[in-house]
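Chemist: Only the shape, not the letters, is given here:
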């Protein structure tokens, strides 16, 4: 393996490594990770750190009630975030910067571009970006929900070469190794399908929010952008020695040979649809020829409220998800066209407004 020609990598560190006993941050495991970051930077590799742990780090400051409310967990995140960042910062002799993100930041194209620019500028000036979801203020509507998927979105935004997800297991096994002694570690995964997802068990950590499923979801997002993705054990020191030696200490998901374009990847894996349009069978058939242009007269129904530039879902009448796309027109106008399809005025309008969705702003989805 020749993996030390990495130009830029993203490391995802879970809560169990940050605050293993939920009584504040501990250096027991993350000191080794910090040393790995220092050694990567010494080799000219740019590093972006996605660090969980704010809730777990702040938990000891609040009553140990097992039925903690959402509001309580937000307060724990706010209190724990400063402790977590301070802990990371004390291990480095170079500056670091904190970025707190929500899914709302990532799914808005303008803010997504702003995040990219900020990360690139920090890296250009030798500053380590430390990223976490903004758990203290985010809502269910704006949450990514786990830092595995967040790290994949960050890796795509940052044009990383590799995503390293540090876990409490050695990698992906063909069955749950905690339940089956004959479980076999899969060192290399060439493609992700339902059989790979079927191998994912439930979360084994009482501290974090993700399990193996979210790590596979993250790998699917990252590899489709051309980013090699590792699931590796962050509790073992030999993990980092092997990585620096160019060896695979766990499971590697190989990147697509032909990665998605950045705009298509963002639309497919990051942007949430704000509404949907239902199209007739003619558009469904045109997908076979990879045509991505939708005209007003192909729209049967419009659902939800969306504005020009919003991401929408395109589906067929039978419910099949066909594509995600950027709307050239608002739901209000498209509803009018769909409701008055046979009118002379509507026909003239359809001729004048051009395509509802253009080929440059559509991401075709795999049919189930």
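Modeler: Everything's here; your move. These numbers come from a predicted model, not from an experiment.

Chemist: Please make it C-alpha for all contacts and neighbour counts, starting now.
Modeler: Fine.

Chemist: Can you list the residue ranges for helices in the stretch 101-250 of the chain?
Modeler: Taking DSSP state H, counting those that start in this stretch as the test, the helices found in the stretch 101-250 of the chain are 103-107, 109-124, 147-157, 194-198, 212-223, 237-244.

Chemist: Give me whichever of the ones you listed is most buried.
Modeler: Counting by mean count of other CA atoms under 10 Å, helix 147-157 has the highest mean neighbour count of the helices of the stretch 101-250 of the chain, with a mean of 27.

Chemist: was I right about residue 136 contacting residue 74?
Modeler: Yes - using CA atoms under 8 Å, residue 136 is in contact with residue 74, at 4.2 Å.

Chemist: In terms of pLDDT, where does residue 284 sit?
Modeler: Note for residue 284: predicted pLDDT of 53.

Chemist: Residue 139 now?
Modeler: At residue 139, pLDDT is 68.

Chemist: Check residue 221 too.
Modeler: Value listed for residue 221 in the pLDDT field: 92.

Chemist: Check the spacing between it and residue 262 real quick.
Modeler: The spacing between residue 221 and residue 262, counted by CA to CA, to the nearest Å, is 12 Å.

Chemist: Likewise for residue 312?
Modeler: Taken as CA to CA, the span from residue 312 to residue 262 is 18 Å.

Chemist: now residue 251
Modeler: For residue 251, the distance to residue 262 - CA to CA - is 25 Å.

Chemist: Compare the two (neighbour count), which wins?
Modeler: residue 251 (20 against 13; other CA atoms under 10 Å).

Chemist: In contact with that one: list those residues for me.
Modeler: By CA atoms under 8 Å, 6 or more residues apart in numbering, residue 251 lies in contact with 170-172, 185-189, 230-232.

Chemist: and what of residue 221?
Modeler: 149, 152-153, 269 are the contacts of residue 221 under CA under 8 Å, 6+ apart.

Chemist: same thing but at 6 Å, please
Modeler: With contacts defined as CA atoms under 6 Å, 6 or more residues apart in numbering, residue 221 has no neighbours.

Chemist: again with the one 3 residues further on
Modeler: Contacts here follow CA under 6 Å, 6+ apart; on that basis residue 224 touches 256, 259.

Chemist: Now do the same for it: its pLDDT.
Modeler: 90.

Chemist: Nearest residue to residue 223 in space, please, no chain neighbours.
Modeler: residue 255 (4.1 Å; CA to CA, 6 or more residues apart in numbering).

Chemist: Look up how far residue 173 lies from that neighbour.
Modeler: Using CA to CA, residue 255 is found at 19 Å from residue 173.

Chemist: What is the subsequent helix or strand relative to the lowest-mean-pLDDT helix or strand in the chain?
Modeler: Sorting the helices and strands of the chain by mean pLDDT, DSSP states H and E puts helix 344-353 at the bottom, at a mean of 54. The helix or strand immediately downstream of helix 344-353 is strand 362-364, counting by DSSP states H and E.

Chemist: pLDDT (mean, whole number) over that next one?
Modeler: 73.

Chemist: Residue 97 is in contact with residue 129, correct?
Modeler: Yes - taking CA atoms under 6 Å as the definition, residue 129 is a contact partner of residue 97 at 5.0 Å.

Chemist: ok, these two, which is more surrounded?
Modeler: Set residue 129 next to residue 97 and count neighbours by other CA under 10 Å: residue 129 wins out with 23 against 13.

Chemist: how close does the more buried one sit to residue 78?
Modeler: Distance, residue 129 to residue 78, by CA to CA: 19 Å.

Chemist: and residue 88, how many residues sit next to it?
Modeler: 19.

Chemist: Hmm, I typed the wrong one, I wanted residue 125.
Modeler: 9.

Chemist: So it versus residue 93, what's the distance?
Modeler: Applying CA to CA to residue 125 and residue 93 gives a distance of 14 Å.

Chemist: And for residue 166?
Modeler: For residue 166 relative to residue 93 (CA to CA), the value is 23 Å.

Chemist: neighbour-wise, which of these two wins?
Modeler: residue 166 (24 against 8).
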